[in-house]
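Student: only geometry, no sequence info:
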């Protein structure tokens, strides 16, 4: 369990370093988060549409 905690801490440090580099480079992190949220919403809608489509086919 300790090994997993160490790996999680290493990953978090790497992410922090990447975010710091992106911020220093002038990347708008808020815009990136909005894009990610939009992508997640689109994926959810597509998934829901697939479920509806399958159920419609099953009823026919």
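Tutor: Great, that's in hand. Not measured: the values here are computed from a predicted model.
Student: Pass me the low-pLDDT residue ranges in this protein, would you?
Tutor: The chain contains residues with pLDDT under 70 at 1, 29, 31-38, 52-55, 57-60.
Student: let's go with 80 and repeat that
Tutor: Applying pLDDT under 80 to the chain flags residues 1-4, 27-60.
Student: Which parts of it are helices?
Tutor: Here the chain has its helices, by DSSP state H, at 2-24, 29-59.
Student: From the chain's centroid, how far away is the first one?
Tutor: Centroid separation between helix 2-24 and its chain, computed with Cα atoms, centre = their mean, to the nearest Å, is 16 Å.
Student: elements contacting it?
Tutor: helix 29-59 (3 or more Cβ pairs under 8 Å, 6 or more residues apart in numbering; DSSP states H and E). Quick note: C-beta positions are derived from backbone N, CA and C, even for glycine.
Student: how far away is residue 39 from residue 27?
Tutor: For residue 39, the distance to residue 27 equals 17 Å [Cβ to Cβ, to the nearest Å].
Student: Same question for residue 18.
Tutor: Per Cβ to Cβ, residue 18 is found 10 Å from residue 27.
Student: Same check on residue 51?
Tutor: Here residue 51 is placed at a distance of 35 Å from residue 27 (Cβ to Cβ).
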